[in-house]
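Engineer: Show me how the following folds:
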Amino acid sequence: MAAAMRTVFGLLMFVTIGMIVGALFQLAFILRLEEDSYGICLQSLIISSFNL
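Structural biologist: Numbers count the residues shown, from 1 in each chain. All right, here's what the predicted structure looks like:
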């Protein structure tokens, strides 16, 4: 029973880490697309919106 729980826990860790890495790749890809299409950086737009 402990071996089965260890296997399930290992798979859950693998899937969780994979989802985090995948989300970071998607975020980097989206930010690169936004920079290429508008010519401005999304982060500078967000920062400038707070500097009223």
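
Engineer: Could you use CA atoms for every contact and neighbour count after this?
Structural biologist: Will do.

Engineer: quick one: residue 19 and residue 4, what's the gap?
Structural biologist: Here the distance between residue 19 and residue 4 works out to 23 Å (C-alpha to C-alpha, to the nearest Å).

Engineer: So for those two, which sits in the more crowded spot?
Structural biologist: Between residue 19 and residue 4, residue 19 has the larger neighbour count (other C-alpha atoms under 10 Å), namely 12 against 9.

Engineer: check which helix or strand covers that one.
Structural biologist: Following DSSP states H and E, one finds residue 19 within helix 2-38.

Engineer: Quick check: buried residues in that helix?
Structural biologist: With burial defined by 16 or more other C-alpha atoms under 10 Å, not one residue of helix 2-38 is counted as buried.

Engineer: and it, average pLDDT?
Structural biologist: Along helix 2-38, the predicted confidence averages to a pLDDT of 89.

Engineer: which other helices and strands contact that helix?
Structural biologist: Based on contacts counted as 3 or more C-alpha pairs under 8 Å, 6 or more residues apart in numbering; DSSP states H and E, the elements that helix 2-38 packs against are helix 42-50.
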